[in-house]
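In: mind looking at a prediction? Sequence and model below.
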Amino acid sequence: MLGPMKREHQTTVGAIQDEVLAYTAGRDVVLDQALIEVDCIGSAAHVTMLSEMSIEPPLFSAEDVKSIITALGDIMVAARKGEFQITLADQDVHLAVERALTEKLGDLGKKVHTARSRNDQVAVDLRLFAKTELLDTIKDIAALGQALHTFAAKHEKVPMVGRTHMQPGMPSSVGLWACSYADALLEDVALVQTAYQLNDQSPLGAAASYGVPLPIDRHRVAELLGFEKPIHSVLHANNARGKLESIILSALSQVMLTLSRLAQDLMLFTMPEFGYFTLPAEYCTGSSIMPQKRNPDVLELVRSRATKVMTASVAIFDIVKGAPSGYNRDLQDAKEYFMDGLFTTRTSVRIMALMVEGLTVNEQALLKGFSPDVFATDRALHLVGEGMTFRDAYHHVKEHLDELESMDPQAAVDAKTHYGATAGLDLNGVASAYTALLEQTSAARQAYHQTVSSLLGQSYPLTDVKAQ
Ligand code: ARG
């Protein structure tokens, strides 16, 4: 029988029973590794703002700020090299950084947590983390959109049977098929950008959830971190945690939905029975028993990972839906879902770009799909051109399906000239939308780097480990 565990751990915020510590820290000790850098950036801004606060005597001198920011910079560099440890006694990144600052700077380190709480600290960390993750994800989505555009432009008028209910329907083209996915991603990106804007607000100064009795400047700290503005009420600043992550993942779920359907189409159209397209061999996997196999595992996993991202969004929604206002520890468990959702989306987008870039088209196989019935609607509309009402033409063709003659697929593709159809695609418009997206995203990335560089007084990113 296990006796009651009495062992205690000394932590920065008091003694905690071992088992309670392990349970409450949960996965933070591991997950918070990804937040070390942003935690330091947040602290640099907080301390800078506090030093400018009009109280006598000032909380920090200019020299103090310099020492603290230098020490934070050292932690950031160590973190990038994998040399900064968050221990169980630390509980999380916030107390780990405070411990390291205090070890190095003594009382100065102990002052850094003035006028804030881990609640607004983790909220700002997650927002800074999400900011660059979203910008990078948007950049990757744009690269996938460009790959789809290139594919559409290269095979713009190559005939392909258009299907509804999976059954042959009407003449269509490879260009239209690929362009539809480039269009979908542009709409998905609009959702991601909206989530980005909601994310682009500073929660700092909210502290535990109710602000602090000190004349802090929340606008200043938002500006120092490159946020568009501070979140208005301090209570909402904390209540928005979880809700925001759910919104972000819900936007990303739409990206994953598009990817999953693209993956499904590719699996179908690359089956030997179709053979419309061929997947790049280097991105297919083999079988442990069947020597001939070249399986689309990547596409299958994209399909299942769309479920993962949506599920993560719903899980976070569920964590917060019954939470009373003010910080609740449940929020900590949203972190893993959030990080996993971001990672899953980004890696899925990237791998799909590789798949599309390597995709080849088999025009003969595509043409083989054009049985005469595919032209039934075109034939009916031809009769309309000769003066018949559409319904009469429809019935005429329906009653004489056996007599339908095959038409020229290419002519059918060329004949649909109206906006958005096989011969009326605005591929230049699609291309410019993606170029604009890339420009916007890289400008936002650069602006963030510049903001952090001025905050730290040295060029950021601090090493070239992750040059973007
Ligand atoms: N690791 C915690 C989280 O992710 C930090 C905030 C802890 N706050 C608290 N009041 N216990 O939520």
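Out: Sure, I can see it.
In: residue contacts, whatever residue of the stretch 101-250 of the chain ends up closest to the ligand?
Out: The stretch 101-250 of the chain approaches the ligand most closely through Arg118 (3.8 Å), counting by CB to the nearest ligand atom. (Each C-beta comes from the backbone N, C-alpha and C, glycine too.) When contacts are counted by CB atoms under 8 Å, 6 or more residues apart in numbering, Arg118 is found next to 92, 94-95.
In: can you pull the pLDDT of Glu282?
Out: Glu282 is assigned 89 on the pLDDT scale.
In: excluding chain neighbours, what is closest to it?
Out: Setting aside the residues directly before and after it, Glu282 is nearest to Gly358 in space (CB to CB, 6 or more residues apart in numbering), at 7.2 Å.
In: quick check: which element contains the nearest residue to Leu185 once chain neighbours are set aside?
Out: Nearest non-adjacent residue to Leu185, counting by CB to CB, 6+ apart: Gly145, 4.8 Å away. Element membership of Gly145 [criterion: DSSP states H and E] is helix 118-154.
In: which bits of the chain sit near the ligand?
Out: Counting by CB under 6 Å from any ligand atom, the residues of the chain close to the ligand are 28, 92, 118-119, 122, 327, 329, 331-332, 335.
In: 8 Å instead?
Out: With CB under 8 Å from any ligand atom as the criterion, the chain meets the ligand at residues 24-25, 28, 32, 91-94, 117-119, 121-122, 208, 241, 327, 329, 331-332, 335.
In: helices along the stretch 201-350 of the chain, start to end?
Out: 218-224, 234-269, 297-321, 334-357 (DSSP state H, counting those that start in this stretch).
In: now the angle from the second one to helix 118-154?
Out: For the pair helix 234-269 and helix 118-154, the angle between their directions (axes from the mean of the first three to the mean of the last three CA atoms, to 10 degrees) equals 30 degrees.
In: now do the buried residues in helix 234-269.
Out: 234-256, 258-263, 265-267, 269 (16 or more other CB atoms under 10 Å).
In: again with stretch 391-398
Out: Using 16+ other CB under 10 Å as the test for burial, stretch 391-398 gives 393-394, 397.
In: and stretch 274-281, by the same measure?
Out: If you call a residue buried by 16+ other CB under 10 Å, then stretch 274-281 has these buried ones: 274, 276-279.
In: distance to Ala415 added to those, as CSV?
Out: Converted to CSV, these look like this (distance: CB to CB, whole Å):
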residue, distance to Ala415
Phe274, 25
Tyr276, 21
Phe277, 24
Thr278, 29
Leu279, 31
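In: any quick PyMOL command for the buried ones out of the residues of the chain next to the ligand?
Out: Here is the PyMOL selection string for the buried members of the residues of the chain next to the ligand, based on 16+ other CB under 10 Å:
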select buried, resi 25+28+32+91+92+93+94+117+118+119+121+122+241+327+331+332+335
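In: so how far is the helix or strand bottoming out on mean pLDDT in the chain off the chain centroid?
Out: In the chain, no helix or strand scores lower on mean pLDDT, DSSP states H and E than strand 8-11, which sits at a mean of 80. Put simply, strand 8-11 sits 38 Å off its chain's centre (CA atoms, centre = their mean, to the nearest Å).
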